[in-house]
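**Q** model this:
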Amino acid sequence: MAEYQVIARKWRPQKFADVVGQEHVVRTLTNAIRQDRTAHAYLFVGPRGVGKTTLARIFAKAMNCEQPRSGEPCCECESCKAIASDNSMDVVEIDAASHNSAQEMRDLAEEVMHAPVSSRYKVYIIDEVHMLTKQAWNALLKTIEEPPAHVKFIFATTEVHQVLPTIISRCQRFDLLPIPTRLIAGRLQLIAETEKVRIEPAALNAIARAAEGGMRDAQSLLDQMIAFFSMDEGNPITGSQVLSLFGLTDRGDLEAMLLAMLENRPGEVAAKLCELSRKGKNLETLYDDLLAALRGIRITRLLRNPADVLDEDSEVLAFYADIAARMPENAAAVMLEILAPVGRVLHDALNKQVYLETILLKAMREAHAVRLNDILNRLNQLRQAGELQFLDQLPPAQVAVLPPAEKKTPDATVIAPAPEVTESPVQKGEQEKPEVTASTPEVTEKTPSEPPAVPEPEKQENPSVPEAVPVPAEAAEPMPETVPEMTPETAEEPVAENTPAMDITEVTESQVPYYPEEAEMTEQAAEEMTPPPEAENIPPAEPSKEDALPRQARAKRRSVANDDPSALDRAARQPVVRDVLELFGGEVVDVHIKVQDGE
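**A** Okay, here's the model as predicted:
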């Protein structure tokens, strides 16, 4: 009785034509054989089970074949038979995972100097070369760069980033791709028919999905399914049996959940997810399947021929097209944007069911939320259909236009008195220097009491401060209107002609000065009026002459602040008042308007 051989070894390709899913590599290698332009070192890179070692063996056979046919080995000569049966002395396979020391690579560098025994080339196939140490690579570096003419190196690895860049630069690199699912399913169908195994197409598709792009994994899974289910009274292997064994989700359950998500039925989604979790389905695989299905729907909407991009059969593509035609335009795109970044978080989650349920419901809520563009599109549709004609018949809205409010300009501004100033005694033999004693400023009432008569303020002898000309005032007549100073700020805000005169009831050492110079000299005059740092002592403030007059002799005034409290703020924003407040301190407590007799 012959010894049983597993499917993966029995069905290993012996020619380039038998290799599935690596057409770009096969074409390059066959052209090199046909043109006799083979390099001295090759590097095959790719995931497990995609054909790296298989291609290396076929390439070694083709280089040493006695009668190659269009770049393919004949598989009939002695060299091809010896290589296929692993009996060739000129094709050496080395496992770098177990032979990775520097001494072994030195021995290999000495061995390559010997000529081949019976073949044209001596080929060294080194698998898993990323396991070699740096010292081992250094021992082999010169040999790889300039080997003898009869030596060829073929390296294979799944971790190319661990290979030294100096080695990669000395090799021809080929990147092998994961094999598409439909190609794996087709090869499994051929194997099942040849081996006379009854298995449903759904089971083959499930095995191909579980293999994740590796042909060797798919063949091993098929071998396992045959051993587990084929002796069940001659019944074929079904898709449900394969799904139950691997924890995969049935295509029907996947499509039902996908429809519930796209039609915004959260209760059905949560119930289906709980059902699949209780059946022991792999929720991470379910997440990957949902993500692939949403991508398929989006690609189907974007491309006219999605089969060029999607690795699915015709039935699945038809399902995607039907869903894409019925669903909202951006529903699948929004779900895909929310679900795509959470794969790693799902992998690390302690409770995968709760996390996946939460993220699916969130994606549904975001995808089906009402957006402004949807409302505008619907309104445009209604208008085009004539259902919003009544809006055009409505009279225009009557907007009442109010006349502009008259601006009330305050007549007189009452400023709170500045802090009291006291004089300190002067010692004999020293120059008289006034001393300022700071005290809390007193806030005057809105109706100030009659102040006592105060003598005229004395002239200040400080030569740095120019003598100010006080505004004249008469006892029996109202104070004449004063002309405000023109400063850079007031130049841009002209004062109205009807602006009444300001009445400053409390200032510092002198009344507000009036300078006849031009407006550009105002800033310089203000700097000259500011006392220098050595003369900060200011004489006590003196009341105006009008305050010393009897109440009957004063001009009649009427308070504006009682009727309009905002008049205080408007008065404080006047340029002249603002300059006075900044220069002398105090605050505006009342605004009066002069009242003529008979008003």
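
**Q** look at Asn562 and give its secondary structure.
**A** coil (DSSP: H, G, I helix; E, B strand; the rest coil).

**Q** distance of it from Asp590?
**A** Distance of Asn562 to Asp590, given as C-beta to C-beta, to the nearest Å: 9 Å. In this view, the C-beta of every residue, glycine as well, is placed from N, C-alpha and C.

**Q** ranges for the strands of this protein?
**A** 41-45, 91-95, 122-127, 151-157, 172-175, 412-415, 557-559, 588-594 (DSSP state E).

**Q** for the last one, name the packing helices and strands.
**A** Which is strand 588-594. Packing contacts for strand 588-594, counted by 3 or more C-beta pairs under 8 Å, 6 or more residues apart in numbering; DSSP states H and E, involve strand 412-415, strand 557-559, helix 567-572.

**Q** let's see that with 10 Å instead.
**A** For strand 588-594, the packing partners by 3 or more C-beta pairs under 10 Å, 6 or more residues apart in numbering; DSSP states H and E come out as strand 412-415, strand 557-559, helix 567-572, helix 575-584.

**Q** and of those, who's closest to Pro165?
**A** When the helices and strands packed on strand 588-594 are compared by C-beta to C-beta, helix 575-584 sits nearest Pro165, at 72.8 Å.

**Q** which of the strands of the chain sits closest to Asp223?
**A** strand 122-127 (22.2 Å).

**Q** show me what that closest one is packed against.
**A** Short answer (3+ C-beta pairs under 10 Å, 6+ apart): strand 122-127 packs on strand 41-45, helix 52-64, strand 91-95, helix 102-111, helix 134-145, strand 151-157.

**Q** and Leu302, which of the ones you listed is closest to it?
**A** strand 41-45 (31.0 Å).

**Q** list the neighbouring strands of that closest one plus their orientation.
**A** Partners of strand 41-45 in the sheet, by DSSP bridges, are strand 151-157 (parallel), strand 172-175 (parallel).

**Q** now render these as CSV, adding mean pLDDT, distance to Pro13 and mean neighbour count.
**A** Output for these, formatted as CSV (pLDDT from 0 to 100; distance: least, C-beta to C-beta, whole Å; neighbours: other C-beta atoms under 10 Å):
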stretch, mean pLDDT, distance to Pro13, mean neighbour count
strand 151-157, 93, 15, 24
strand 172-175, 93, 16, 15
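
**Q** in a markdown table: those strands, plus distance to Thr358.
**A** Below are these laid out as a markdown table (distance: least, C-beta to C-beta, whole Å):
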| stretch | distance to Thr358 |
| --- | --- |
| strand 151-157 | 40 |
| strand 172-175 | 38 |
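
**Q** other residues contacting stretch 162-171?
**A** With contact meaning C-beta atoms under 10 Å, 6 or more residues apart in numbering, stretch 162-171 is reached by 39-45, 129-132, 134, 137-138, 140-141, 144-146, 153-155, 157, 160-161, 173.

**Q** now do stretch 356-367
**A** 257, 260-267, 269-270, 273-274, 276-277, 283-284, 286-287, 290, 294, 327-328, 330-339, 341-342, 345-346, 349, 351.

**Q** if you set the cut-off to 6 Å instead, what comes out?
**A** 261, 264, 266, 269-270, 273, 283, 331, 334-335, 338-339, 342 (C-beta atoms under 6 Å, 6 or more residues apart in numbering).

**Q** returning to that earlier point: need the strands of the chain in JSON lines with distance to Pro68, can you?
**A** Below are the strands of the chain laid out as JSON lines (distance: least, C-beta to C-beta, whole Å):
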{"stretch": "strand 41-45", "distance to Pro68": "17"}
{"stretch": "strand 91-95", "distance to Pro68": "16"}
{"stretch": "strand 122-127", "distance to Pro68": "15"}
{"stretch": "strand 151-157", "distance to Pro68": "15"}
{"stretch": "strand 172-175", "distance to Pro68": "19"}
{"stretch": "strand 412-415", "distance to Pro68": "111"}
{"stretch": "strand 557-559", "distance to Pro68": "117"}
{"stretch": "strand 588-594", "distance to Pro68": "108"}
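
**Q** select, out of those strands, the one closest to Gln381.
**A** strand 172-175 (50.5 Å).

**Q** only the C-alpha atoms, please, for the closest one, written as CSV.
**A** What follows is strand 172-175, C-alpha atoms only, in CSV (Å, rounded to 0.1, in the frame of the first residue of the first chain):
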residue,chain,number,x,y,z
GLN,A,172,16.5,40.8,-8.5
ARG,A,173,13.5,41.2,-6.2
PHE,A,174,10.0,39.8,-7.0
ASP,A,175,7.0,40.5,-4.8
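
**Q** all helices of the stretch 201-350 of the chain, in order?
**A** 201-211, 215-229, 239-246, 251-262, 266-278, 283-302, 314-326, 331-339, 343-348 (DSSP state H, counting those that start in this stretch).

**Q** tell me the most buried of these?
**A** For these, average neighbour numbers computed from mean count of other C-beta atoms under 10 Å are highest in helix 201-211, which has a mean of 23.

**Q** gap between the two ends of stretch 97-107?
**A** 17 Å (C-alpha to C-alpha, to the nearest Å).

**Q** report the residue ranges of every domain in the protein.
**A** Structural domains assigned to the chain are 7-175, 181-245, 251-373, 409-417+468-599, following automatic domain parsing.

**Q** ok, back up a step: give me the buried subset of the contacts of stretch 162-171.
**A** 40-45, 129-132, 137, 140, 144, 153-155, 157, 160 (16 or more other C-beta atoms under 10 Å).

**Q** returning to what we had before: higher neighbour count, Asn562 and Asp590?
**A** Remark: of Asn562 and Asp590, Asp590 carries more neighbours, 24 against 11, as counted by other C-beta atoms under 10 Å.

**Q** the more buried one and Pro575, how far apart?
**A** Counting by C-beta to C-beta, the gap from Asp590 to Pro575 is 20 Å.

**Q** cool, and Phe246?
**A** 86 Å.

**Q** now Ile323. Nearest residue, chain neighbours left out?
**A** Counting by C-beta to C-beta, 6 or more residues apart in numbering, Ile323 lies nearest to Ile297, which is 5.4 Å off, once chain neighbours are set aside.
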